[in-house]
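>>> Curious how this folds, go ahead:
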Amino acid sequence: MEPHHDHSIHKHHVEGKNLVYSIFLNVVIVVAQIIGGIISGSLALISDALHNFSDVLSLLFSLVAHKLSRHKASMHQTFGLKRAELIAAFVNAFTLVIVAFYLIYEAIDRFFHPKEIGTEIVIWLALLGIVANGFSVLLLKKDADHNLNMKSAYMHLFSDMLASVAVLIGGLLMKYFHIYWIDSVLTLIIAIYLIIVGADLLKKSTKMLMLFTPENIDINEIIAEVHKIKGVRNMHHIHVWHLNEEELHLEAHIECTDDIKMSEFNMILEKAEEVLHEKFGINHITIQPEFRREDDKDFIVQD
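Below is the predicted model:
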């Protein structure tokens, strides 16, 4: 079996320190909301503080997963801990959906049982939440575009920022127009958005954890391209999966047309590596060479 590991592909370097800054900012928000909730008598603020505290835990989980994913491979962990971030993304996406359903429950309850609260403190704390979470969102935006774990943390922070915007709008309307139902309506809209985004993250992380073939990969196209290489009779027993978001793996058997030397097979292998990397972005390839071997020649074989 001939393994190949191509590290020439450019990898985005995720800044773990941005998560640390975001955690600090969210701790400030939690403390401020608890104090503000006690002073204003707002149960909603204290509830939101608990929600933000759950986000702090999610950010901590993402940070730990980020650190673990950087551990080097060993004899006992031959892939290192690279899938830790996928697990974090799955857990954070799941909690995002749970939080969304909780917000829907709170919004419906608040709609039928509106509460008059001290709007001044609510408005100022909403502004604090917008600024702090907005800054955190900006810190993680670039990483979120390249890393599912960071995207799950980013979405938690983005949802908090949207919630703070809703609280600000609600606070202003309650203060000047005594419209108390608007807070519930805005919360419902945000919750529905969170369910849509959270479900998408949950779907993507689940597929990666379950080693599904990536959606942008067509195995039939891979087979067609490899079969064009001179000396290849048949490519079969194919598996394609994401180890993490940066590493796309393929393993397969290739039956040769002739009983060739291994040095000659290396030339076939190099051409296959080039095609798979350039056309499909596959950067970790393991090929088993065969010649007239009695085995299942189906493209996909149940191991």
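
>>> Can you give the contact residues for stretch 22-34?
Taking contacts as C-beta atoms under 8 Å, 6 or more residues apart in numbering, the residues outside stretch 22-34 that touch it are 45-46, 48-49, 52-53, 55-56, 59-60, 63, 125, 128-129, 132-133, 135-136, 139-140, 153, 157, 160. Quick note: C-beta positions are derived from backbone N, CA and C, even for glycine.

>>> and it, average pLDDT?
Mean pLDDT, stretch 22-34: 90.

>>> May I see the buried residues of that stretch?
Applying a neighbour-count criterion of 16 or more other C-beta atoms under 10 Å, one finds 22-23, 25-26, 29-30, 32-34 buried in stretch 22-34.

>>> Now for those residues: which two are most distant?
Comparing every pair within those by C-beta to C-beta identifies Ser22 and Ile34 as the most remote, at 19.0 Å.

>>> Would you mind measuring from the residue nearest to the spatial centre of the chain to Trp241?
Residue closest to the mean C-alpha point of the chain, counted by C-alpha atoms, centre = their mean, is Leu148 at 2.2 Å. In this structure, Leu148 lies at 15 Å from Trp241, with C-beta to C-beta, to the nearest Å as the measure.

>>> same deal with Leu211?
Between Leu211 and Trp241 the computed distance is 4 Å (C-beta to C-beta).

>>> These two: who's more crowded?
In this view Leu211 and Trp241 are compared by other C-beta atoms under 10 Å, and Trp241 has more residues nearby, 18 against 12.

>>> Go ahead and report the secondary structure state at that one.
Secondary structure, DSSP: H, G, I helix; E, B strand; the rest coil: Trp241 is strand.

>>> which residues does it contact?
Contacts here follow C-beta under 8 Å, 6+ apart; on that basis Trp241 touches 208, 211-214, 248-249.

>>> one more time with 10 Å, if that's ok
With contacts taken as C-beta atoms under 10 Å, 6 or more residues apart in numbering, Trp241 has the following neighbours: 207-208, 210-214, 217, 247-251, 284.

>>> One more: Val240?
211-214, 217-219, 222, 248-252, 276, 280, 282.

>>> if you set the cut-off to 7 Å instead, what comes out?
Contacts were defined as C-beta atoms under 7 Å, 6 or more residues apart in numbering; by that measure Val240 touches 213-214, 217, 219, 250.

>>> Make JSON lines out of the buried residues of stretch 22-34 and add secondary structure and distance to Cys256.
Written out in JSON lines, the entries for the buried residues of stretch 22-34 read as follows (DSSP: H, G, I helix; E, B strand; the rest coil; distance: C-beta to C-beta, whole Å):
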{"residue": "Ser22", "secondary structure": "helix", "distance to Cys256": "53"}
{"residue": "Ile23", "secondary structure": "helix", "distance to Cys256": "55"}
{"residue": "Leu25", "secondary structure": "helix", "distance to Cys256": "59"}
{"residue": "Asn26", "secondary structure": "helix", "distance to Cys256": "58"}
{"residue": "Ile29", "secondary structure": "helix", "distance to Cys256": "63"}
{"residue": "Val30", "secondary structure": "helix", "distance to Cys256": "63"}
{"residue": "Ala32", "secondary structure": "helix", "distance to Cys256": "68"}
{"residue": "Gln33", "secondary structure": "helix", "distance to Cys256": "67"}
{"residue": "Ile34", "secondary structure": "helix", "distance to Cys256": "69"}
